[in-house]
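Q: Mind looking at a prediction? Sequence and model below.
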Amino acid sequence: MMKLKGGYTEEMRKSIDNVNKTRSKRIGEVFDHMTMKERDDVLKNYHPDYKADGKRAIAYGENKSDIVPVEVADILESYPIFNPDDIDLSQIDYDVSILIIGGGGAGTSAAIWANYSGVPVDEILVSNKLRHGDANTVMAQGGIQIADRPEDSPLIHYLDAVGGGHFDNIPELAKALVNDAPDILRWHKDLGVMYDLDEDGNFMVLSGGGTSRSRMHSAKDYTGLEIFRVIRDEFRGLDIPSLEFTPAIELLTDETGRVAGAVLYHLETKQYFVVKAKTTIMSTGGFGRLHVSGFPTTNHYGATMDGVLMSYRAGAKLRNLESTQFHPTGAAYPEQIVGLLITEKVRGLGAQVLGNNGEQICYPLEPRDVEASAVIKCCTSTENFIETPTGMRGVWLDSPLIEEIRGKGTIVNNLSAMDRMFQRFGIDLTVDPILIYPSLHYQNGGVLHDELCHSSVSGLLIAGEVSGGVHGKNRLMGNSLLEINVFGRRAGIEAAKEIKNAKPGKLSLDHIKKSISVIDSLGLKKKRYGPMILPEYRSDIVRDRLVQLYESTD
Amino acid sequence: MSKTKTTLKKKKEEKTGMVKIYIMGQAYDVPETLTIMKAMEYAGYKFTRGSGCRAGFCGACSTVYRKEGDFRIYTALACQTIVEAGMVLTQLPFVPADKPEYDINSLTPSANTILRYFPEVARCLSCNACSKVCPQEIKVMDYVQYCLQGQISKAAEESFDCVSCGLCAIRCPAEIPQYHVAQLARRLHGKYLMKTPDYLDIRIKEIKEDKYKEGFKEMMALSKEKLEEKYKNRDRESN
């Protein structure tokens, strides 16, 4: 093993010396914001979204000819993972009013609000791919944007969100997002979420990338975990039925094409379940585990875009899947944590982004796509980067500066998750800077929906990261914890209304049979299958020797 | 334990930097730089249980292991721990601990509330086994004691970094589900003992009374160019 000092190699230590030397000079030094023109330039030249290679047109369906990452197109053009003729739809295992696919923040909120709106718990069913709450929600660290302070307003929040989204957000969705935010905070407080307060008893708030007000409300750097474990506790207190390790593998439709439930699959017993539902809410989360453009990801193990694919096969329109969010600060060192999230709150608290020479390379809180592009630029078109022993490039995030500005103890009190993660690998971020490089973070686009969460297919509501339109081409920090709560709540309330008049017809998988013949007609060179459910990380030594066994079950 | 190594045919350049570990008693050679979770995947395990966020937040991958020639049982999160030669690994798929149902709106933040739902808290032997196994290094026994003493806020703060992996409950001779107790303490603290600044409800009222309706109407009617102009010229509050 290589000899390390305080977690770093001798070579990296030389660069850290530069950082230490410039630190006192950099206190109070403000790097200029980029102009709109500079933003455009750095995005066009360095952001993976703007590169033609790695992208292609979708070959069929509602969004035929939309240009998306090849990893996304590959999934949309895959074959179903089962033969629709093998499923017996005459026997219904669960007959419910509301089926919720995906029990992260959006799905859990939807279930709770459906029940608050009068739907009895035994008419609701939540399907989870893994455990209830195995979702990106619990990994969100930095905060949730809420324009509640007198200095702020929903209008300013709106302007920040649509500017960050390159003015491609659906206005009604962005408006719903910011307008519901204070209500969500009130709900969380009533449930007992421990939001950080300052010494005056006001909410502790910080700026995030691209926000013009300090609007980021947090619970240390476990904000998503704290919000989620409280709403899950509420959910469990209400006793809402939920299946674990039982993801949906396809939607069901009726003779009119309306969504009428789903086929679920038990990952351990391998049996399927037919669920008939008056309304189905899709809240499956995002696609980080597709590793778009080969990037590592900050995302959960189950983030494989299943919901977008199932909705697309049922005929739903998609939006903004051309854009992918790369978080500017994924860990670049040590190797064991490459790609894991370093919360934006580190920069919110004052850490600067530095090159090998110990000088700032950009304003630390540009919108995420701009900031990520600036880091990629430094690492690919200059010599001012730091190289790790495994050849990965990165730039410094000067975490010790935080305590220079805000005093000793700030890091352990506000960034305890970050502190713990680096301590585990021998690095003390109160003493030494940490190395970062962009990491695949968020599915900006997804299934199109309106402000009441209706997709373009009747019977199918959408909430959370699986959706498209709220954030346009780029989501701002803190708007996703907000989104899952706002649209989860809206979906639950809307579903409770919708089921009063909904009468789904005979269950069918005709849309799947149709998908198969469409994919057949594309004449693709490589046959793929989806939904992916879980990514493949076994070594090729093992994968080369895998075999599918036949089984007699009668 | 099987002495026969499962054959993982390797390319030549991978021969250095490998360590021998045991998974469910079977020996494997894996790269020494991997975490326990990635080492098991390298060996061919595709996780269904025991893998979640893969970043130390969700508690899905709590694990116990032994080391060769060492009698101790170690605990860790598999995604946050590097493999070592001679580790004997297994997975902990599930912690069967009951969570009572309660309505947070009808409770008071007191020791009695905790004891009503978790009477076993009174059985705490102060053995500290829970604190010793916590992969988050939380002083679990301390917060259980705070609960008994009615110091709900201190219990909430001490337990805050809990990822609900359940290792504490597995080791507890008094059969206390500590992580569920902590959840109740935190909700009591968050709801009843932490303030809510007045400006939140003022803002909610403003929105209900449509104070921003005209502003939205105007902004949403702007052309993209005008909106961009407005965005560019917006004033920024310093952090």
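A: Received it, and whenever you're ready, just let me know what you need.
Q: Which residue does the stretch 401-550 of chain A have closest to chain B?
A: Nearest residue of the stretch 401-550 of chain A to chain B (CB to the nearest CB) works out as A:Val542 at 3.7 Å. In short, each C-beta sits where N, CA and C put it, glycine included.
Q: That residue belongs to a helix, doesn't it?
A: Yes. Under DSSP: H, G, I helix; E, B strand; the rest coil, A:Val542 sits within a helix.
Q: That one against B:Met40, yeah?
A: No. Between A:Val542 and B:Met40 there is no contact under CB atoms under 8 Å: 11.0 Å.
Q: in stretch A:49-66, what counts as buried?
A: Buried residues in stretch A:49-66, counting neighbours by 16 or more other CB atoms under 10 Å in any protein chain shown, are found at A:Asp49, A:Tyr50, A:Lys55, A:Arg56, A:Ile58, A:Ala59, A:Gly61, A:Asn63, A:Asp66.
Q: about what we covered before: find the residues that touch each one of A:Val542 and B:Met40.
A: Common contacts of A:Val542 and B:Met40 (CB atoms under 8 Å, 6 or more residues apart in numbering or on different chains): none found.
Q: Please say which of those two ends up with more neighbours.
A: Between A:Val542 and B:Met40, counting by other CB atoms under 10 Å in any protein chain shown, B:Met40 is the more crowded of the two (28 against 17).
Q: how about the nearest residue to the more buried one, chain neighbours excluded?
A: Nearest residue to B:Met40, sequence neighbours excluded (CB to CB, 6 or more residues apart in numbering or on different chains): B:Ile23, at 5.9 Å.
Q: Stretch A:505-513: which residues count as buried?
A: Result for stretch A:505-513 [16+ other CB under 10 Å]: buried residues A:Leu507, A:Ser508, A:Leu509, A:His511, A:Ile512.
Q: what's the straight distance from one end of that stretch to the other?
A: 18 Å (CA to CA, to the nearest Å).
Q: Over to stretch A:413-429?
A: This stretch, stretch A:413-429, spans 13 Å end to end (CA to CA).
Q: That stretch vs chain B: in contact?
A: Yes. Using CB under 8 Å from any CB of the partner chain, stretch A:413-429 reaches chain B at A:Ser416, A:Ala417, A:Arg420, A:Met421, A:Arg424, A:Phe425.
Q: Let me see the confidence value for the residue nearest the centre of chain B.
A: Nearest to the geometric centre of chain B sits B:Val163, at 1.5 Å (CA atoms, centre = their mean). What the model reports as pLDDT for B:Val163 is 95.
Q: what about it, which SS state?
A: Applying three-state DSSP: B:Val163 is coil.
Q: from memory it sits against B:Cys61, does it?
A: No. Applying CB under 8 Å as the test, B:Val163 and B:Cys61 come out as separate, 9.9 Å apart.
Q: okay, and the common contacts of these two?
A: Common neighbours of B:Val163 and B:Cys61 (CB under 8 Å, 6+ apart) are B:Leu77.
Q: now the residues of stretch A:413-429 next to chain B as JSON lines including secondary structure and pLDDT?
A: Putting the residues of stretch A:413-429 next to chain B into JSON lines (DSSP: H, G, I helix; E, B strand; the rest coil; pLDDT from 0 to 100) gives the following:
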{"residue": "A:Ser416", "secondary structure": "helix", "pLDDT": "95"}
{"residue": "A:Ala417", "secondary structure": "helix", "pLDDT": "94"}
{"residue": "A:Arg420", "secondary structure": "helix", "pLDDT": "94"}
{"residue": "A:Met421", "secondary structure": "helix", "pLDDT": "94"}
{"residue": "A:Arg424", "secondary structure": "helix", "pLDDT": "92"}
{"residue": "A:Phe425", "secondary structure": "coil", "pLDDT": "92"}
